[in-house]
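Colleague: show me the folded form of this:
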Amino acid sequence: MTISTYKEFISGVKRHPENFYIIHYSCQSLNDENEGLSPRITSIAVQHLSTDQTVSFSMHAVAEELRIVRDDVKGRMDEVETVLLRAFNEFIRDRRDKYWVHWNMRNLTYGFEHLQHRYRVLTGADLAVIPVERRINLSDMLRLRYGSDYVPHPQLINLMELNGGRHRHFLTGAEEVEAFSAGEYMRMHGSTLCKVGFYRKVINRLISGKLKTKSNSIGVFVDQLLESRIAKFIALIAALLGVFSGATLMLSQLV
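Modeller: Numbering: from 1, shown residues only. Here you go, the predicted model:
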């Protein structure tokens, strides 16, 4: 089943959270200053929505497993990135029928296609493909719910500021580029993990109706009112009154 609306998304998360994974990754600069033609993948984090368990794949961890010292990592990046992506491929291979929640992982520049491309470049094989219809852009869900201006751009960090503040490990795109140049792969990985954790927080607050945005949409207010417990209680009372009125009318006719 394809999820294309906000209500379908929230309904699916509420009923079957075990079918949802949250994903985010960090990479080399998205511009043209890299040594290759496409940015290297430096870390990937995946969180299972129902168990809150996180699985991650990172350059610093792979390098350590391969007994590569810090100063030699840059010279052996193809090897490190290959092992990282092979492990990721192994993880997703049997989970492609699940829903994968992400933030603007749309295309070859930054997205699932980028991951597939890097795997093909390094191994000559194809990465296990998550079907397009199983990918859910959380950013799009928020726009459907609150309108395109729900927070000012850049929307991710501004949404985070409104809902508890910027996480201490959060890095902007420019800061991630600086971290990569400095060989700070653990720092990049920390940023990836905190973003996945924040997406989980956003989903929880969507379900509870407590997500803070800048949106002033009357439509959103009406939707929230209709979904509130008070509205449901009023609807129940109205239904009971309708049944009572119907029964009274039938009795009067019999008399």
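Colleague: please export the C-alpha coordinates of stretch 179-195 as PDB.
Modeller: Taking Å, rounded to 0.1, in the frame of the first residue of the first chain, the C-alpha atoms of stretch 179-195 are listed here in PDB:
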ATOM      1  CA  ALA A 179      33.900  17.900   9.700                       C
ATOM      2  CA  PHE A 180      34.700  15.700   6.700                       C
ATOM      3  CA  SER A 181      37.700  17.800   5.700                       C
ATOM      4  CA  ALA A 182      39.000  17.500   9.200                       C
ATOM      5  CA  GLY A 183      38.500  13.800   9.400                       C
ATOM      6  CA  GLU A 184      35.900  14.100  12.100                       C
ATOM      7  CA  TYR A 185      33.800  11.100  11.100                       C
ATOM      8  CA  MET A 186      32.500  10.400  14.600                       C
ATOM      9  CA  ARG A 187      31.200  14.000  14.800                       C
ATOM     10  CA  MET A 188      29.400  13.500  11.500                       C
ATOM     11  CA  HIS A 189      27.900  10.200  12.800                       C
ATOM     12  CA  GLY A 190      26.700  12.000  15.900                       C
ATOM     13  CA  SER A 191      24.900  14.500  13.700                       C
ATOM     14  CA  THR A 192      23.300  11.700  11.700                       C
ATOM     15  CA  LEU A 193      22.100  10.000  14.900                       C
ATOM     16  CA  CYS A 194      20.600  13.100  16.400                       C
ATOM     17  CA  LYS A 195      18.600  13.900  13.200                       C
END
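Colleague: what does it contact?
Modeller: 24-26, 28-29, 42-45, 54, 56, 58-61, 63, 70, 73-74, 103, 156, 167-171, 175-176 (CB atoms under 8 Å, 6 or more residues apart in numbering). No exception for glycine: its C-beta is placed from N, CA and C like everyone else's.
Colleague: again with stretch 150-163
Modeller: Stretch 150-163 is contacted by residues 103, 139, 142-143, 166-167, 170, 172, 195, 198, 201-202, 205, 211-215 when judged by CB under 8 Å, 6+ apart.
Colleague: for that stretch, what does the pLDDT average out to?
Modeller: Taken as a whole, stretch 150-163 carries a mean pLDDT of 96.
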